[in-house]
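Peer 1: Task: produce atomic coordinates for the following.
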Amino acid sequence: MSPEVPPRSGSVRSAAEVNEQIRALWLRTGGTLSAQERAEYEQLVVEWAQAIRCAVIEAA
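Peer 2: Predicted coordinates for the structure are as follows:
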């Protein structure tokens, strides 16, 4: 019954989708990140945290 609320801060992916991309990054790199991969990882973690916050707000 609750309407879909668009994600805030421009994120359009769910936390699960972002988490899957984080896992794929770690698998692809064998657990060792280059500087570029670390930057990608950090962006993904920020996006994941935003998606989690949006999900909590929507649930409240």
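
Peer 1: Tell me where the longest helix sits in this structure.
Peer 2: When the chain is scanned for its longest helix (criterion: DSSP state H), the result is helix 35-59.

Peer 1: Burial check on the residue lying closest to residue 15 once chain neighbours are set aside, number of neighbours?
Peer 2: Setting aside the residues directly before and after it, residue 15 is nearest to residue 51 in space (Cβ to Cβ, 6 or more residues apart in numbering), at 3.9 Å. C-betas here are computed from N, CA, C, even on glycine. Other residues near residue 51 come to 22 when the count uses other Cβ atoms under 10 Å.

Peer 1: residues touching the residue most central in space within the chain, list them.
Peer 2: When Cα atoms, centre = their mean is applied to the chain, the residue found nearest the centroid is residue 48 (2.5 Å). Applying Cβ atoms under 8 Å, 6 or more residues apart in numbering to residue 48 gives the contacts 15, 18-19, 22.

Peer 1: Quick check: the gap between the closest residue to it other than its chain neighbours and residue 57.
Peer 2: Once flanking residues are discounted, residue 48 sits nearest to residue 18: 4.3 Å by Cβ to Cβ, 6+ apart. Note on residue 18: its distance to residue 57, by Cβ to Cβ, to the nearest Å, is 17 Å.

Peer 1: more neighbours, the two?
Peer 2: Higher neighbour count among residue 18 and residue 57: residue 18, with 21 against 11, using other Cβ under 10 Å.

Peer 1: Fine by me, we can end here.
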